[in-house]
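> quick one, structure for this:
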Amino acid sequence: MAHLFNIMRITVGERDLTARVLVNPGMPVRTSEDIEATARVYYLAPAIAKHVCLGDAGREFQDCMGDTELAHLLEHLTVEIMNATGLAGAISCGRTHAVAEDPRLFDIELSCPDDALTIGALSSASFMMEWAFLHPEATAPDYAGTVEGLRQLVLGLRGEDEGSVEKDAAESDASAEDVSLASDDDDPVASADGEPVVEPVFGGAAAVNRG
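Next comes the predicted model:
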């Protein structure tokens, strides 16, 4: 069975995780090659549209979402899943870089407060995108259920319970005004959580090239 991505290797650093991701031959490399599939990803996790993303097309991910690399979309969806668990800390961010020797090969750098959380979010995001681009006739992934399942897995691995996590979250909220969401190719910039969700406006966005 064909797959959209092949995660070639994962390198875990002190604060970041880097995944080398191959967009498999025969698969679209840019979101503009299948805008309907891109919209399916948006409807699973609409908050990705408001992620801060400084590129050629604008300040937010919605400004380039209609014509960017699939690996870049994978990055933002991964970050959003991490953020949705409530376990990623105050800042979640990422960057996507093309690998010079192969136009289908990308390095995705992700903040890594917990390697199980980050790898689980990346795996879940890859599965969701595979549904959106390759198997839209199948039942849509349960986004909320996936987030909760990942949350419970990570809590179990940490040996924590919901009570202690909720207490930590309340203390964090009291001391911080903003929760950052996602990404970028140059410098990650924090965005305020709770921005209103907008309808997708990425149909005619300009391309963002990385390299």
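
> in the host helix or strand of His76, what's buried?
If you go by DSSP states H and E, His76 is part of helix 70-85. Buried residues in helix 70-85, counting neighbours by 16 or more other C-beta atoms under 10 Å, are found at 70-85. C-beta coordinates here come from the backbone N, C-alpha and C atoms, glycine included.

> just the closest of these to Ser32, please.
Leu70 (10.2 Å; C-beta to C-beta).

> burial check on the closest residue in space to the closest one that isn't next to it in sequence, number of neighbours?
Among residues not flanking Leu70 along the chain, Val23 sits closest, at 5.6 Å (C-beta to C-beta, 6 or more residues apart in numbering). Applying other C-beta atoms under 10 Å, we find 21 residues neighbouring Val23.

> how far away is Val23 from Arg15?
As judged by C-beta to C-beta, to the nearest Å, Val23 and Arg15 stand 26 Å apart.

> rewinding a little: quick check, the residue nearest to Leu70 in contact with Val99.
No: Val23 is not in contact with Val99 according to C-beta atoms under 8 Å; the separation is 11.1 Å.

> can you pull the contacts of the residue nearest to Leu70?
Leu4, Phe5, Val29, Glu69, Leu70, Ala71, Arg104, Leu105, Phe106 (C-beta atoms under 8 Å, 6 or more residues apart in numbering).

> for Thr146, same thing?
Thr146 neighbours (C-beta under 8 Å, 6+ apart): Ile81, Ser124, Met128.

> what angle separates the stretch of helix or strand the second one belongs to from helix 70-85?
Secondary structure assigned from DSSP H and E places Ser124 in helix 115-134. Computed by axes from the mean of the first three to the mean of the last three C-alpha atoms, to 10 degrees, the angle separating helix 115-134 from helix 70-85 equals 130 degrees.

> which of the residues in whichever helix or strand comes after helix 115-134 are buried?
In the C-terminal direction, the helix or strand that comes right after helix 115-134 (DSSP H and E) is helix 143-158. Neighbour counts over helix 143-158 (16+ other C-beta under 10 Å) mark Tyr143, Thr146, Val147, Leu150, Arg151, Val154, Leu155 as buried.

> can you check stretch 50-64 too?
By 16+ other C-beta under 10 Å, the buried positions in stretch 50-64 come out as Lys50, His51, Val52, Cys53, Leu54, Gly55, Ala57, Glu60, Phe61, Gln62, Asp63, Cys64.

> repeat for stretch 25-36
Residues of stretch 25-36 classed as buried: Met27, Arg30, Thr31, Ser32, Asp34, Ile35 (neighbour count, 16+ other C-beta under 10 Å).
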